[in-house]
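Engineer: One predicted model, sequence on top.
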Amino acid sequence: MQLFSDLQSLRPARVGGVCMSVGVFDGVHRGHQLLLNHAARRAGELGIKSLALTFRAHPLTLLAPPYAPRFLTTPEQKIRLIEQCGADLCMMVDFTAEFAGITAQRFLEEIVLEGCRARSITCGPDFRFGHKGVGDVKLLRAFCGARDIELDVLETLSDDRAPVRSTRVRQSIQDGRLDLTVRLLGRPYSVTGLVIKGDARGQTIGFPTANLDPPVNQLIPGDGVYAVRVVLDEEGPGGHYDGMLNIGVRPTFENKRRAIEAHLFDFQGDLYGRELTVTFISKMREERRFESVEALIEQLRADEAACRALFDAPGPA
């Protein structure tokens, strides 16, 4: 997949026209995948390329910062996931004040038609575009009809009679309903970050942990103990490990700073400064305060046994 940041650099690649899909695509959940897969499939049928137009950050980060949600995917993760959906081209732009001021008609004329040369557009029924979101599917349909552009409006994907949306994904992650998260995303939720120095208390009680520093403003699951799978240095020579992870303030030690601490089973070595990708498999229990360090250690042993049993359990036939 070819990646672009503006229309000028895109020009050589969109010769012959494109099948286009547009969206924030935060999380690239199953509803997004439906749109992207459809555009890629239609592009193949027409003998042209598929293009995903998306944004580096959520538009609300600019338009209404207090209401901007924590993101589900970093730009790098989003690009990889869009590519997995079959897109040939991806234009990831910054949602600037200038972009936000483009009227719906200018968006269609200058970006969709002239800039991208769309021959086919795939969107959902709630698609909005242009300044203050005044553009809708009705306007898009009229525009496409007048210019002989194919328009495919796909029905919103549902799961358990509720729409698959990024807001619902976020809620499932915060609630620890990771089975629902997997259904909505089509994969488990993961976070990548660097290991930073902690207080090394885990080492003293026999459970050394890696303190994860996640990307700023990425959504982190709610406090609790999780079974996780960990990849070290995803882009380099690392390794794959099962483990358990605690998110919270470690109330047994009367700590007030929230931390993300992963204990990798059967790992030996130094993790400081290394990159970890943590995939959340199951929430095992809530975080709680123990009356003694000894009671905490006993519980951690039980947590490890439960996580190992979960990973060792056979999958569905």
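Structural biologist: Alright, I've got the coordinates.
Engineer: Can you show me the helices along the stretch 151-300 of the chain?
Structural biologist: Taking DSSP state H, counting those that start in this stretch to define them, one finds helices in the stretch 151-300 of the chain at 166-174, 178-185, 201-204, 293-312.
Engineer: The ones you listed into JSON lines, with extra columns for mean neighbour count, mean pLDDT and distance to residue 280?
Structural biologist: C-beta coordinates here come from the backbone N, C-alpha and C atoms, glycine included. Shown next, in JSON lines, are these (neighbours: other Cβ atoms under 10 Å; pLDDT from 0 to 100; distance: least, Cβ to Cβ, whole Å):
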{"stretch": "helix 166-174", "mean neighbour count": "19", "mean pLDDT": "97", "distance to residue 280": "8"}
{"stretch": "helix 178-185", "mean neighbour count": "20", "mean pLDDT": "97", "distance to residue 280": "6"}
{"stretch": "helix 201-204", "mean neighbour count": "14", "mean pLDDT": "63", "distance to residue 280": "19"}
{"stretch": "helix 293-312", "mean neighbour count": "14", "mean pLDDT": "94", "distance to residue 280": "12"}
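Engineer: Could I get those in JSON lines, plus columns for distance to residue 128?
Structural biologist: Shown next, in JSON lines, are those (distance: least, Cβ to Cβ, whole Å):
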{"stretch": "helix 166-174", "distance to residue 128": "15"}
{"stretch": "helix 178-185", "distance to residue 128": "21"}
{"stretch": "helix 201-204", "distance to residue 128": "47"}
{"stretch": "helix 293-312", "distance to residue 128": "42"}
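Engineer: quick one, which of these is nearest to residue 93?
Structural biologist: For the helices of the stretch 151-300 of the chain, the distance to residue 93 is smallest for helix 166-174, at 18.7 Å, taking Cβ to Cβ.
Engineer: Mind listing residues that contact that closest one?
Structural biologist: Contacting residues not belonging to helix 166-174 are listed as 24, 26-27, 29, 69-70, 72, 162, 178, 180-181, 184-185, 189, 219, 221-222, 280 [Cβ atoms under 8 Å, 6 or more residues apart in numbering].
Engineer: Buried members of those residues into ChimeraX, please.
Structural biologist: Of the contacts of helix 166-174, the buried ones go into a single ChimeraX selection, burial set by 16 or more other Cβ atoms under 10 Å:
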select :24,26,27,29,72,178,180,181,184,185,189,219,221,280
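Engineer: In contact with the residue lying closest to residue 57 once chain neighbours are set aside, which residues?
Structural biologist: Excluding its sequence neighbours, the residue lying closest to residue 57 (Cβ to Cβ, 6 or more residues apart in numbering) is residue 95, at 6.2 Å. Counting by Cβ under 8 Å, 6+ apart, residue 95 makes contact with 55, 56, 57, 58, 59, 61, 62.
Engineer: ok, and the most crowded of those?
Structural biologist: residue 55 (22 neighbours; other Cβ atoms under 10 Å).
Engineer: Can you give me the pLDDT of the nearest residue to that one once chain neighbours are set aside?
Structural biologist: Leaving out its chain neighbours, the residue that sits closest to residue 55 by Cβ to Cβ, 6+ apart is residue 95, at 4.6 Å. Residue 95 carries a pLDDT score of 95 in this model.
Engineer: what about the residue nearest to residue 57, distance to residue 37?
Structural biologist: Distance, residue 95 to residue 37, using Cβ to Cβ, to the nearest Å: 24 Å.
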